[in-house]
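**Q** Any chance you could fold what I've pasted below:
(2 chains)
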Amino acid sequence: MNIRQNGISKLVLTLGVTAVIFIVLSCGTTKQAGNDDLGDLGSFKVEKSGAVLWGENCGRCHNAPDPTAFSDIQWKTLGKHMRIRAGLTADETDKIIAFLQQSN
Amino acid sequence: MVGKKYFLLNILFVFWFSSLWAQSSIDSTNQNLLEQLKPGNTSFLLRGYSHAGFESVDNQSTFTIGSFNPILLWRHGERFIFESEMEIAYEEGTLDFNLEYADLSYILNKYLIVRAGHILSPFGTFTERLHPAWINRLTTKPLGLGHHEPVGPTNEVGVELRGGAPAGNTKINYSAYLSNGPALDIESDLTVVPVIAINYTNYVDNNNNKAIGGRFGLLPFNNSMLELGLSGQYAKIGDRDTEFADVASVSYAADLSLVKNSITAIKGNIDVKGQWNWVNTDEFRVLMLDGDTETFNLDKDAYYIQLAYRPALVQDKFLSNIEGVIRYSGIKVPAEVGHGAEGGHMEEGLEGDRTQWAFGINYWLSWRSVLKCSFQTESNSNDTINSFYIHYAFGF
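**A** So this is what the prediction gives:
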């Protein structure tokens, strides 16, 4: 088996394992019982605030930034830059930008 | 006479009206230009980071300029953004000026962004997200994940689709790209041991095959504390119209990030990072100086695991700004070939299979400003090198 066949086999296997893990975790994940977790509350869902998302997402790589460090316009540019870099979702990016703009 | 007066008045009126219309038209054009330049539509931003300090590697000490990395961001409207990073650093005895990345992104919709240009490879997370000096918790990079002797792709020149999306109680992020891919560099006529390396900065493609690759990241908990990622790339790496044209490489990476802040039980924050890269290539034959041919491949792997703890919840302000870090990393490379390096600092003393322990104490002066002190010991089968670093890093 040459490296191409071997590589494709490994890629298929890797994608398959990833898909299984993803499906299992998507179906079976229980929410974390922390103060910062605002998941489903009964029959309605409370959405996380920009402040909570700012703490959870920025801190994955670096310290959460000081909102006063940049202006409204700059936060908008930085937010989109970080959405691209860190794979943030569109909704959480918008909320984080709004929080930083309100808090600076 | 009266007719002449009316005629002159008409002429004057026409001139007055035309001048008014022209003025209005110029004003309108200027207004449009001004609107285009307003920060609401266009935003230019200079950011970046820098670090400098003192190093003692194998009992040779020096102050070092580290590097200065300005990042240019230019956003136009809601969807278009240009980003670029340059690195100015002293490496290999010269002052280097490197382009780390320069790309254009267009936000297609809530779930997809198209990006083109010179990008950091979405191969694991260290190169793409964690390498900046004010983000990397230690002064040095893990073995195999820096400019020196990289294991796995570091840069791509191509086009990429990426994004992030919620998925039930979980969240995912994803990337897929086509690029020039890596290139196989062989210098077999210089020394008895041929210098063979994979060059990951392939600005002009060395063959017509395009690399395909990507990364899939899963955040299984809805507070985003854990991220697990898998990356892959397949590419033909040999030069076109040579005997190496069909030599291919397959690279994989698995990465882990676990970050939990404000844990009351331990009065602080925990940050765990890890990544494992593998590179496999086809075997290929190289003509040696003595006329014989020998078979080589470039199978190698590199890994690291890092734990950082900061007692952010303790009352004492000084203690709450201190962070302890420990990292273990290793690299396995083919023993029978020389290795082309892309630069590096003083830590490039050892070669071959080796492991490294690094211990650091950081003091955070602000959220983006840190004084880092670390001790590092690196060993291969023959030797051990101890190093000590004090660096100041700042993100701006």
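**Q** Grab the nearest non-local neighbour of whatever residue of the stretch 151-300 of chain B ends up closest to chain A.
**A** For the stretch 151-300 of chain B and chain A, the shortest gap (C-beta to the nearest C-beta) falls at residue B:173, measuring 2.6 Å. C-beta coordinates here come from the backbone N, C-alpha and C atoms, glycine included. Of all residues not flanking residue B:173 in the chain, residue A:87 sits nearest, at 2.6 Å (C-beta to C-beta, 6 or more residues apart in numbering or on different chains).
**Q** In this structure the one you found contacts residue B:165, no?
**A** No. Residue A:87 is beyond contact range of residue B:165, at 9.1 Å (criterion: C-beta atoms under 8 Å).
**Q** can you list residues touching both of these two?
**A** Contact criterion C-beta atoms under 8 Å, 6 or more residues apart in numbering or on different chains; residues shared by residue A:87 and residue B:165: B:173-174.
**Q** Start and end of stretch B:287-299, how far apart?
**A** 20 Å (C-alpha to C-alpha, to the nearest Å).
**Q** for the nearest residue to residue B:368 once chain neighbours are set aside, what are its contacts?
**A** In space, not counting the residues next to it along the chain, residue B:368 is nearest to residue B:395; the distance is 3.9 Å by C-beta to C-beta, 6+ apart. Contacts for residue B:395 were tallied using C-beta under 8 Å, 6+ apart; they are A:62, B:47-49, B:132, B:134-135, B:368-369.
**Q** Would you list the buried entries among those residues?
**A** When burial is judged by neighbour count using 16 or more other C-beta atoms under 10 Å in any protein chain shown, the buried members of these are A:62, B:47-49, B:132, B:134-135, B:368.
**Q** Kindly reformat these as a markdown table containing secondary structure.
**A** Formatted as a markdown table, the entries for these read as follows, by DSSP: H, G, I helix; E, B strand; the rest coil:
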| residue | secondary structure |
| --- | --- |
| A:62 | coil |
| B:47 | strand |
| B:48 | strand |
| B:49 | strand |
| B:132 | coil |
| B:134 | coil |
| B:135 | coil |
| B:368 | coil |
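**Q** closest to residue B:79 among the residues you listed?
**A** Checking these against residue B:79 by C-beta to C-beta gives residue B:47 as the nearest, at 20.3 Å.
**Q** so what's the closest one closest to, chain neighbours aside?
**A** The shortest distance from residue B:47 to any residue that is not its chain neighbour, by C-beta to C-beta, 6+ apart, is 4.7 Å, and that residue is residue B:71.
**Q** quick one: what helix or strand has that neighbour in it?
**A** Of the helices and strands defined by DSSP states H and E, residue B:71 is found in strand B:60-76.
**Q** What residues of that strand count as buried?
**A** B:64, B:66-67, B:69, B:71, B:73-75.
**Q** That one: partners in the sheet, and parallel or antiparallel?
**A** According to DSSP bridges, strand B:60-76 has the following sheet partners: strand B:42-57 (antiparallel), strand B:80-91 (antiparallel).
**Q** burial count for residue B:293?
**A** The burial count assigned to residue B:293 is 11, neighbours taken as other C-beta atoms under 10 Å in any protein chain shown.
**Q** could you list every residue that touches the closest residue to it other than its chain neighbours?
**A** The shortest distance from residue B:293 to any residue that is not its chain neighbour, by C-beta to C-beta, 6+ apart, is 4.5 Å, and that residue is residue B:285. With contact taken as C-beta under 8 Å, 6+ apart, residue B:285 is in contact with B:243, B:293-296.
**Q** Find the pair from the residues you listed with maximum spatial separation.
**A** Taking C-beta to C-beta, no two of these sit farther apart than B:243 and B:294, at 13.7 Å.
**Q** before we move on, the earlier item: the residue nearest to residue B:173: neighbour count?
**A** Going by other C-beta under 10 Å, the residues that sit close to residue A:87 add up to 27.
**Q** From residue B:214, how far out is it?
**A** When C-beta to C-beta, to the nearest Å is applied, the distance between residue A:87 and residue B:214 equals 12 Å.
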